[in-house]
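Enquirer: Fold the following, please.
(chains A, B, C and D)
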Number of protein chains: 4
Amino acid sequence: MKKETLNFKIQELGKPAILSPTALVNFTPDSKRVLYDRYINNFNATQKDKATPLSIEIAGPRKMIYFDPAKVKTAIVTCGGLCPGINDVIRAVVMSLYYRYGVKNVAGIKYGFQGLIPKYCHEVVNLTPEAVKDIHTLGGSILSLSRGSQDIGKIVDTLCRMNINIFFCIGGDGTMKAAELITEEINRRNLKISVIGIPKTIDNDLNLIDKSFGFDTAISMVVNAIQCAHVEAKGAPMGIGLVKIMGRESGYIALNAALAQNDVNFVLIPEVPFDLEGEKGLLKVLEKRLRTRNHAVILVAEGAGQDLCADNGLNQTDASGNIRLNDIGIYLKRKIEEYFEKNKLELNLKYIDPGYTIRSVPANASDSIYCELLGQLAVHAGMTGKTGMVVGLYNGEYVHLPLKSVAFRRRVDTRSNLWTRVLEATGQPVSMKN
Amino acid sequence: MKKETLNFKIQELGKPAILSPTALVNFTPDSKRVLYDRYINNFNATQKDKATPLSIEIAGPRKMIYFDPAKVKTAIVTCGGLCPGINDVIRAVVMSLYYRYGVKNVAGIKYGFQGLIPKYCHEVVNLTPEAVKDIHTLGGSILSLSRGSQDIGKIVDTLCRMNINIFFCIGGDGTMKAAELITEEINRRNLKISVIGIPKTIDNDLNLIDKSFGFDTAISMVVNAIQCAHVEAKGAPMGIGLVKIMGRESGYIALNAALAQNDVNFVLIPEVPFDLEGEKGLLKVLEKRLRTRNHAVILVAEGAGQDLCADNGLNQTDASGNIRLNDIGIYLKRKIEEYFEKNKLELNLKYIDPGYTIRSVPANASDSIYCELLGQLAVHAGMTGKTGMVVGLYNGEYVHLPLKSVAFRRRVDTRSNLWTRVLEATGQPVSMKN
Amino acid sequence: MKKETLNFKIQELGKPAILSPTALVNFTPDSKRVLYDRYINNFNATQKDKATPLSIEIAGPRKMIYFDPAKVKTAIVTCGGLCPGINDVIRAVVMSLYYRYGVKNVAGIKYGFQGLIPKYCHEVVNLTPEAVKDIHTLGGSILSLSRGSQDIGKIVDTLCRMNINIFFCIGGDGTMKAAELITEEINRRNLKISVIGIPKTIDNDLNLIDKSFGFDTAISMVVNAIQCAHVEAKGAPMGIGLVKIMGRESGYIALNAALAQNDVNFVLIPEVPFDLEGEKGLLKVLEKRLRTRNHAVILVAEGAGQDLCADNGLNQTDASGNIRLNDIGIYLKRKIEEYFEKNKLELNLKYIDPGYTIRSVPANASDSIYCELLGQLAVHAGMTGKTGMVVGLYNGEYVHLPLKSVAFRRRVDTRSNLWTRVLEATGQPVSMKN
Amino acid sequence: MKKETLNFKIQELGKPAILSPTALVNFTPDSKRVLYDRYINNFNATQKDKATPLSIEIAGPRKMIYFDPAKVKTAIVTCGGLCPGINDVIRAVVMSLYYRYGVKNVAGIKYGFQGLIPKYCHEVVNLTPEAVKDIHTLGGSILSLSRGSQDIGKIVDTLCRMNINIFFCIGGDGTMKAAELITEEINRRNLKISVIGIPKTIDNDLNLIDKSFGFDTAISMVVNAIQCAHVEAKGAPMGIGLVKIMGRESGYIALNAALAQNDVNFVLIPEVPFDLEGEKGLLKVLEKRLRTRNHAVILVAEGAGQDLCADNGLNQTDASGNIRLNDIGIYLKRKIEEYFEKNKLELNLKYIDPGYTIRSVPANASDSIYCELLGQLAVHAGMTGKTGMVVGLYNGEYVHLPLKSVAFRRRVDTRSNLWTRVLEATGQPVSMKN
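Expert: Prediction:
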């Protein structure tokens, strides 16, 4: 094939002249295209050329490394909440250090950054291939985690005392911010400690990262819950399956899970406000659906509709500083039940909150492969002496990203194809705001 | 974050000055980078600009469509061998036609292209939402498949007789070639029949397509088989787990499965020739491994080492024209057993051939989501009147590709990161050729 | 082997003379033994002998049947709540009638007994092998269910109007009671309609029945939830995993799930009252466990501790007449959190309520085999003209039981080996009552 | 309910007067019944009564124990081939010794009885709760196994040298025979070593034992393979799915797997000889089936039809003394292909040999619960000073059985309900012998 042939418009039978019946707002024009080649092979040369497009450093083993494998000391810490695949990453880091570079000194820090603060008296674990060989079959983290920030100075003190040279931090946006501060403190003290982040967020909402590890597993678990909700909804007259899942600030899990099998009829996410009452509100739309189809499945992310149930709780924060949310699932359940009772309609609502069962399972094969690579690439980056960075997948390519570039969260863009596809898959109204 | 910050080299502790101990040949230089933005928003405008990089049409719903939903007649055919997710694609096409466009006329052609040739007398199935709603829980294809080519003229005759307007073809490279010939014949007769391909190959070796559907499921099944092989290898003294899997001409499944969990010690693929005998040959290397580690896991793609066992069979072809391969798995098993017996070494070799169990399972959640999207996008393309094309994932983006651009196979590039990562993960020699 | 050798005591090294350190109350004396043979081959002969032990009719195909396969009309109804395996039973009944007896007339009644009451206007489904061949891959019931009783006279009227000869009822104790009333009404009218029950209760608490279908699948789902709870409990300092599961009146699911893997530390069931406060109460015991082991897993059946949280709700009943329970899970969560806060102890309590996800999944292989047999045996019994009975597994043998003998629930016997084994497996105190 | 009501015949609509159309030979007469109560509570008293039926000692914790928990030393060995659940049993023994009795001295013998013979120099592993806590998530045996017998005298020498008091042997009939010889040698030397067997055979063919551990898991794996075969058979015109599974001398796995879902059309087991050729032979019957139904699924146990393919190999034995079988799967495949080719019939035969993937997976929930109990009961028996026995499930009750009573294999009784049910489920001819 001549690749130039790609550069033409796809053949058409004729000029499309009928307005699409799909009630979408975000169509894809033929004129938006994706570049065929997105690599630059000689970055330095092009630095002088102002027209050079932005580009990102690619991850992988380097020919020249910085640390002497025989002497280097390394440490791993896991922070925040559980996520499928943490043990796979730990295992990959240890195995890669040991078998690829001959590095035998890997310290496992217990209970997150607490493990680097003397007063907590947490033990340090010696991570050998023997100790980690089977841990990928277990959910959770063999190192345990903790939430909350700790004194950056004391953390660096402990790293010094332990003579750590490479410090692998597995965690979310808060952890990446802390890792950035640690890197700054290390730079300030002029130490030779490489800080390598491996971004973890089950919500898949880290800036620039295509897909965080555990996300694929989480979706497969949510898809199971949706199937149950669908079975329940169809199992009784006027049945509703209402599933509440994670997604504090973004709806990526909900959207991706809803794209499987078309069984979800309404997806509610933090990024898209909606009304309950009124002509366009969820309750009326839901009633209409039940009258015609006899069943409905609703998937709601925990951060959705917080404006609706805001007055029912106290906006406290947890140890990581996350705002405690009001339970939109329970709230919706009650509101729907009240509405159907008021309107004297039969209702069989089954509420499903899979909760922690989504995040504490072992990684599936796909995430397992991904974690294995992230761990290897983190080791390569660390051994080369890179620091203040994370490894991640960007546009399908494994890259090095500065810590600060990923240390905040992205949200679903409602003008994106993703949201459009979900509107299509569910058939829900483009907006449920009056 | 300012996106310009991406444009710089990642911070380094110092200049790497130590040669890496990893015995790799393919390192990633810092100077190879990936473009930040790979979209072009105004294709037509840039056509005149000779410097414009190649780009590809993006898939999705178009505002203006070509066919009248009330009148359009459509048909689906599935060709070749089984692959997880075929039923998901059929379901998505039917559901999307019905619920998004109101198209109710979807014919299911049975047993591949045979179903369009009158002499076979295969029935045509009426595909309704009711008929397909649960088929994604089943492996295989509810339409059944067949291999082999049929008369293009007769196929188009039947499409005409049935008044088909959109013809969805699910199949591999052979099917895509046939679909291209069908499109040409349709053009020649000046008919208004849109031909939309949905590429299927469990080996993931279609040109330009990032990932074919079913690949993720297949890998998860192979990973299960590898885990069994690993358990068996470690379950007895001097244990070898030898796993033979699909991969006639390419080793993508083998490579990806080997990247999970590092438990595979040798991956043998069609693209990388190897010797059995001699100092660098597999047998000597294997003996060395067993003497030090007591167990080994070997993963071999069916198309590997065909030069070694070539004289044992007759190179016949099957109905699809695929060359019948000699069984490299059985051959390796015999050769290894002979070698260890000759050298008076204990051996517990367990041979595992998961075979068809990999391809006849239902799609996992990830493939299910992917198939759902492919089906929807195929419907959008067909309804818009596009023809002679496939929908597929290219560099992380869903695109339209000309049929002819995907109608042949790619092979593993041994200079790629993929192969390098596998060498790392297995620790096998860069070459086992003397 | 001579089977008489079984009749002796097992060889001992000497007389056991040390009191067991296990804090159990229910030891098994050597003198309690189980019979080798438990069949009677000539029931009629032994009827005269007063000393003859109780015995039960064995299920299976009979040589002589009552109904003419060419003319018989049959119907199936599914009542109550969902349970894994309902579709397997439906499928087995249809397949067995069709392929073993040549019976082609099988009506599927929709939405439980509602489907036999004209005013609901539910359609009747024609159940053919083609229609049911793949339904075992789906959770739920293709016929849907409903709760609540209906007019027995009208049900029999409809059975007459439809000319039904064999009526298969799948449901729980309430359904079996209704089936008994239907049988009595049929007898009263002197009709030739066989009523065959297939007992369904996910709680496994039907009198005399060893194991109800779906129970094995339910336990495997609960075991998954327990694993998640264990992972969560160990994932953070002072972690508790609290799992609430079904079990309104009996704790069979909880007990069996707790016997897997020893990861549960406290099992709370309806049959065993407990205190929260006081020296022997759960809270103190829990605190002690956390201080020494840093984590704990609690499994609570929904019907447990209702005396503790009784005053928080109104004891309403649902459509089936089941009393609505107060949520012991939420109650325990709050009480534990209050206690630890009051005592200024760190706490990471993760609450898991797998709920409907346990009952709406497809049956696993073991239940699938069991359902297949139940369906076949029900067909044999019906074709032979038996009526007013259920098929079930009693002491490892498939038998016919009178409807009235199973139409009520059993509860866990706290003097049984089952409860003793759970005390052992969890290590929890024999009593948590002060 | 009055339990006396059970004692009557089930109500009948009338006297069955039609001969059943099912072509079975083994019907269940109403007169064969099962006893309601099968326990004897005072064994000693009834010893004098000659009419007392045979009975078996029940397993469970005894109030008085024989060994002092603080001093007792124990060892575990695993022999033979892999089977799901071995690690669960090891874990249960270690956990139960540690947490229920406070026994801390548990030696893990590596590579079966080899580990007790000095010349092999295998290490002994110290089994602590920490070491075994997660091993149930892994297939295989953490202790590894070996086949073959070793010198009984040397084994007992080593047990003495290690001061072992309780010796837990996990293995099949060969291992139980060895354990019996070890017990005799111990008795001869007048040593105080308790020998407790935990019977393991994936084929479920140990005498007297209802169900061996791992059997349920194995069946679920075989059911998966059958589903694949069914999908493949229906995926192409004139499709056959041929599945070969384990079952050297008995067909229990094959029969139980075939009872799930009715998808198997022919089950071939060692106990039932069959012909290939001739009017009643498999090939003719198979042709008839394909002509009418277009597809067929065949399930063959490895020990079936050995008379047919006997002349193709040399009847060697493996290290355990098992006769090496000729491959009936490959043989059938070739014979069927030849027959269809000779008769000029299309054929799409897919051969599936799941092999080791069935036995090297972790135990499912049901087996996990079972293994947990077996391990606990073995500990209770050992601590009480019992010896020369196994723990097992007999007629639904956990019992103590003399080693010699289980140390041989049973075979499928073709007059049993099990075989009858399979004939029904498959619809295959009662005999395929001419």
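
Enquirer: In chain A, which residue sits nearest chain D?
Expert: A:Thr137 (4.4 Å; C-beta to the nearest C-beta). C-beta: built from backbone N, CA, C; applies to glycine.

Enquirer: give the contact list for that residue.
Expert: When contacts are counted by C-beta atoms under 8 Å, 6 or more residues apart in numbering or on different chains, A:Thr137 touches A:362, D:134, D:137-138, D:362.

Enquirer: lowest average confidence, helix or strand, in chain A?
Expert: Here the helix or strand of chain A ranked lowest by mean pLDDT, DSSP states H and E is helix A:43-46, holding a mean of 56.

Enquirer: Show me what secondary structure element comes after that one.
Expert: Downstream of helix A:43-46, the first helix or strand assigned by DSSP states H and E is strand A:55-57.

Enquirer: does any part of that next one sit near chain B?
Expert: Yes: for a cut-off given as C-beta under 8 Å from any C-beta of the partner chain, strand A:55-57 has contacts with chain B, namely A:55-57.

Enquirer: Quickly name whichever of these is closest to chain B.
Expert: A:Ser55 (3.7 Å).

Enquirer: Is there a neighbour count for that closest one? I'd like the number.
Expert: Neighbour count of A:Ser55, defined by other C-beta atoms under 10 Å in any protein chain shown: 20.

Enquirer: go on, the one 4 residues further on?
Expert: When neighbours are defined as other C-beta under 10 Å, A:Ala59 has 28 of them.

Enquirer: residue contacts, it?
Expert: Contacts of A:Ala59 by C-beta under 8 Å, 6+ apart are A:377, A:380-381, A:391, A:398-400, B:28.

Enquirer: who wins for neighbours among the contacts of A:Thr137?
Expert: Neighbour counts for those peak at D:Leu138, which has 22 neighbours (criterion: other C-beta under 10 Å).

Enquirer: hang on, the earlier thing: just the contacts of A:Ala59: which are in strands?
Expert: Among the contacts of A:Ala59, the members found in strands (DSSP state E) are A:391, A:398-400.

Enquirer: Now the two most distant members of the residues you listed.
Expert: Pairwise distances across the ones in strands among the contacts of A:Ala59 (C-beta to C-beta) peak at 8.7 Å, for the pair A:Tyr398 and A:His400.

Enquirer: out of those two, which sits in the busier spot?
Expert: It is A:His400, of A:Tyr398 and A:His400, that has more neighbours when counted by other C-beta under 10 Å, with 26 against 21.

Enquirer: so the nearest residue to A:Leu259 once chain neighbours are set aside is in which element?
Expert: Among residues not flanking A:Leu259 along the chain, B:Ile369 sits closest, at 4.9 Å (C-beta to C-beta, 6 or more residues apart in numbering or on different chains). Element membership for B:Ile369, per DSSP H and E: helix B:365-383.

Enquirer: Same question for A:Lys350.
Expert: strand A:348-352.

Enquirer: tell me what that strand is packed against?
Expert: helix A:215-234, strand A:239-245, helix A:328-342 (3 or more C-beta pairs under 8 Å, 6 or more residues apart in numbering or on different chains; DSSP states H and E).

Enquirer: closest to B:Gly355 out of the ones you listed?
Expert: helix A:215-234 (24.6 Å).

Enquirer: export that closest one as PDB, just CAs?
Expert: Written as PDB, here are the backbone C-alpha positions of helix A:215-234 (Å, rounded to 0.1, in the frame of the first residue of the first chain):
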ATOM      1  CA  PHE A 215      -9.100   1.200  34.800                       C
ATOM      2  CA  ASP A 216      -9.700  -1.600  32.400                       C
ATOM      3  CA  THR A 217     -10.300  -4.000  35.300                       C
ATOM      4  CA  ALA A 218     -12.500  -1.600  37.100                       C
ATOM      5  CA  ILE A 219     -14.700  -1.200  33.900                       C
ATOM      6  CA  SER A 220     -15.000  -4.900  33.600                       C
ATOM      7  CA  MET A 221     -16.200  -5.100  37.200                       C
ATOM      8  CA  VAL A 222     -18.700  -2.300  36.500                       C
ATOM      9  CA  VAL A 223     -19.900  -4.000  33.400                       C
ATOM     10  CA  ASN A 224     -20.700  -7.100  35.600                       C
ATOM     11  CA  ALA A 225     -22.700  -4.900  37.900                       C
ATOM     12  CA  ILE A 226     -24.600  -3.400  35.000                       C
ATOM     13  CA  GLN A 227     -25.400  -6.800  33.700                       C
ATOM     14  CA  CYS A 228     -26.800  -7.700  37.100                       C
ATOM     15  CA  ALA A 229     -28.800  -4.400  37.100                       C
ATOM     16  CA  HIS A 230     -30.200  -5.200  33.700                       C
ATOM     17  CA  VAL A 231     -31.100  -8.700  34.700                       C
ATOM     18  CA  GLU A 232     -32.900  -7.300  37.800                       C
ATOM     19  CA  ALA A 233     -34.600  -4.600  35.900                       C
ATOM     20  CA  LYS A 234     -36.000  -7.100  33.400                       C
END
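
Enquirer: Now do it against helix B:365-383, angle only.
Expert: Helix A:215-234 and helix B:365-383 are oriented at 80 degrees to each other (axes from the mean of the first three to the mean of the last three C-alpha atoms, to 10 degrees).

Enquirer: Is helix A:215-234 positioned near chain B?
Expert: Yes: among the residues of helix A:215-234, A:216, A:219-220, A:223-224 lie within reach of chain B under C-beta under 8 Å from any C-beta.

Enquirer: What is the nearest of the contacts of A:Thr137 to C:Ile10?
Expert: Distances from C:Ile10 to the contacts of A:Thr137, taken by C-beta to C-beta, are shortest for D:Pro362, at 31.5 Å.

Enquirer: And the closest one, which helix or strand is it part of?
Expert: Going by DSSP H and E, D:Pro362 is not in any helix or strand.

Enquirer: residues in contact with A:Leu143?
Expert: A:76-78, A:90, A:108-111, A:115, A:125 are the contacts of A:Leu143 under C-beta under 8 Å, 6+ apart.

Enquirer: Which of those fall in helices?
Expert: Mapping those onto helices (DSSP state H) picks out A:Ile90.

Enquirer: that older thread, dump the ones in strands among the contacts of A:Ala59 into TSV; add pLDDT and distance to B:Asp263 as well.
Expert: Shown next, in TSV, are the ones in strands among the contacts of A:Ala59 (pLDDT from 0 to 100; distance: C-beta to C-beta, whole Å):
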residue	pLDDT	distance to B:Asp263
A:Val391	93	22
A:Tyr398	86	22
A:Val399	87	27
A:His400	87	28
